[in-house]
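Student: turn this into a structure:
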Amino acid sequence: MNGNDTVLTVTDQDFAEQVLHAPLPVIVDFTASWCPPCRALAPVFEKLSQAYVGRLRFARMDTDENLQTPMQVGIQGMPTLVLFANGQPVGRLIGPHPARLQLGIDRLLAQIGV
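Tutor: From the prediction side, this is the model:
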């Protein structure tokens, strides 16, 4: 976990267990420490994670330290957020603006009826 216990840090090794087999939908922030837009998005992502407790899990994956999962999911730029439900990617937000992040998440959840 990060300093915020509502955002789970996932790796290639535990991605299936923590994301694909999760009982709730999971939104994963594919990020990198060198990415300025990723750093700008991080505090908003963490704050929103508290607003969706019980409806949606929030996770973060460092794409420099974990190469396999981002490649399998088709991550081409960062930040990219991917919503997983029932073990499948069901939507994504590419380079979301921090001010529009909640709207984007709400739209993705509406698509899967959550």
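
Student: which parts of this protein are strands?
Tutor: Ranges of strands within the chain are 7-9, 26-31, 57-62, 80-85, 88-94, based on DSSP state E.

Student: just these: most buried one?
Tutor: Most buried of the strands of the chain, by mean neighbour count (mean count of other Cβ atoms under 10 Å): strand 26-31, with a mean of 25. Glycine gets a C-beta too; all of them are placed from N, C-alpha and C.

Student: give me the contact list for stretch 82-89.
Tutor: For stretch 82-89, the external contacting residues (Cβ atoms under 8 Å, 6 or more residues apart in numbering) are 19-22, 25-28, 30, 73, 75, 90-92, 105, 108-109, 112, 114.

Student: give me the contacts around the longest helix seen in the chain.
Tutor: Using DSSP state H, we find that the single longest helix of the chain is helix 36-51. By Cβ under 8 Å, 6+ apart, the list of residues contacting helix 36-51 from outside reads 2, 4, 6-7, 29, 31-33, 58, 60, 78-79, 81, 95-96, 98-99, 101-102, 105.

Student: what does the pLDDT read for the residue nearest the centre of the chain?
Tutor: Geometric centre of the chain, nearest residue: residue 28, 1.7 Å, by Cα atoms, centre = their mean. With respect to pLDDT, residue 28 scores 98.

Student: read off the pLDDT value for residue 71.
Tutor: Residue 71 is assigned a pLDDT of 97 by the prediction.

Student: can you count the residues close to it?
Tutor: 12 (other Cβ atoms under 10 Å).

Student: quick check: the gap between it and residue 30.
Tutor: Between residue 71 and residue 30 the computed distance is 11 Å (Cβ to Cβ, to the nearest Å).
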